[in-house]
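Enquirer: Quick one: sequence and predicted model below, then my questions.
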Amino acid sequence: MPHPSFERALKAERPLIGGWVTLAAEPVIEAFFNLPYDYIGIDTQHTLLDVATAARLLHCVPRGGPAALVRVPSNNAADIGKVLDAGGDGVIVPMVNTAAEAAAAVAACRYGPEGIRSFGPMRSGMPYDVAGLTARTACFVMVETREAVNNIDAICATPGVTGIYVGPGDLAVTLGHAVAMHPMPASLESAVVAVGRACARAGVIAAGHFPLAQVGQAARFGFRMVTVGADRGYMAIGAANDIATARAQSAAKAE
């Protein structure tokens, strides 16, 4: 069966909250998957993590915790199959602009005759049958361009798509804005709203990256999975706060 988080996301009145892993470190995986996240994404697109490293990290993910999703670097069947074989609960496939590209992503998650995935689960405890492996696999496709927003209803209607994952940075850029999104520009907001509504009509999950200040806004737009921060950012923020506190305390003592 799919990870319970995906079932909850379709029924929940509030968004599920996710984290994001960008560092190739087992202790980071251990720390993040022991926090009360609903799901965690492991990013191989914009990091030094490659697909093979992500597959190794998945073997460190404890059972019974948050759902483990991997953002693969591209809509490539071999990469998608590798992380699913390593135990990923699903994939996030970037830069999907059409229903045909969404169908290709789904095909990479499924075995023949419906798909093109090669059989070879590589983690103990996973089902060892086609039906079981297919049932546990979630396929999220990323909407990151004006073209994708224009095709959103057809993408959402693609059989086998679990949800749409908005990449607001790329979407903002393709709409002619800087990456900074707070407050959200009107055209970006309109695109994000369109995605949320299309997902609701199709009965799939609207998901995406949003800063903390926009979580409530994303919830109103119909988003049911919201990623709010990444390991690297949390490390920098925590260190900066401690440095500032230590300097303030040392200055006060000196006075």
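Expert: All right, it came through fine.
Enquirer: give the contact list for Ala202.
Expert: Contact partners of Ala202, counting by Cβ atoms under 8 Å, 6 or more residues apart in numbering, are 153, 156-157. Placement of C-beta: from N, CA and C, glycine included.
Enquirer: same thing with Asp50?
Expert: The contact partners of Asp50, taken as Cβ under 8 Å, 6+ apart, are 44, 73.
Enquirer: Tell me how far it lies from Arg8.
Expert: 31 Å (Cβ to Cβ, to the nearest Å).
Enquirer: repeat for Ala67
Expert: With Cβ to Cβ as the criterion, Ala67 and Arg8 are 10 Å apart.
Enquirer: Now tell me what touches the helix or strand where Gly81 lies from outside.
Expert: Per DSSP states H and E: Gly81 is located in helix 77-85. For helix 77-85, contacts defined as Cβ under 8 Å, 6+ apart pick out 44, 51-52, 54-55, 58, 70, 72-73, 90-91, 93, 104-105, 107-109, 116-118, 120-123, 133, 137.
Enquirer: If any of these are buried, give me the ChimeraX selection for them.
Expert: Selection of buried members from those for ChimeraX, criterion 16 or more other Cβ atoms under 10 Å:
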select :44,51,54,55,58,70,72,73,90,91,93,104,105,107,108,109,116,117,121,133,137
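Enquirer: So which of the contacts of helix 77-85 sit within strands?
Expert: 70, 90-91, 93 (DSSP state E).
Enquirer: buried subset of the contacts of Ala202?
Expert: Cys156.
Enquirer: Just the contacts of Ala202: which are in strands?
Expert: Per DSSP E, the contacts of Ala202 never map to strands.
Enquirer: Any idea how far the strand or helix carrying Gln249 is from the middle of the chain?
Expert: Element membership of Gln249, judged by DSSP H and E, is helix 231-254. Its chain's C-alpha centre and that of helix 231-254 lie 30 Å apart, by Cα atoms, centre = their mean, to the nearest Å.
Enquirer: What does Gly222 show for phi and psi?
Expert: When read as degrees, to the nearest 10, the backbone of Gly222 gives phi 100, psi 10.
Enquirer: and it, how far is that from Thr174?
Expert: Counting by Cβ to Cβ - Gly222 and Thr174 are separated by 21 Å.
Enquirer: Just send the ones in strands among the contacts of helix 77-85 back as JSON lines, with pLDDT and distance to Ala244 too.
Expert: Shown next, in JSON lines, are those (pLDDT from 0 to 100; distance: Cβ to Cβ, whole Å):
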{"residue": "Val70", "pLDDT": "98", "distance to Ala244": "35"}
{"residue": "Gly90", "pLDDT": "98", "distance to Ala244": "39"}
{"residue": "Val91", "pLDDT": "98", "distance to Ala244": "39"}
{"residue": "Val93", "pLDDT": "98", "distance to Ala244": "40"}
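Enquirer: from these, which is closest to Ala12?
Expert: For those, the residue nearest Ala12 by Cβ to Cβ is Gly90; the value is 17.2 Å.
Enquirer: which residues sit in contact with the spatially closest residue to that closest one that is not a sequence neighbour?
Expert: Distances taken as Cβ to Cβ, 6 or more residues apart in numbering put Ala138 closest to Gly90, at 2.9 Å, once the chain neighbours are dropped. When contacts are counted by Cβ under 8 Å, 6+ apart, Ala138 touches 2-3, 6, 67, 69, 89-91, 162-163.
Enquirer: Name the member of those with the most neighbours.
Expert: Within these, most neighbours by other Cβ atoms under 10 Å means Leu69, with 30 neighbours.
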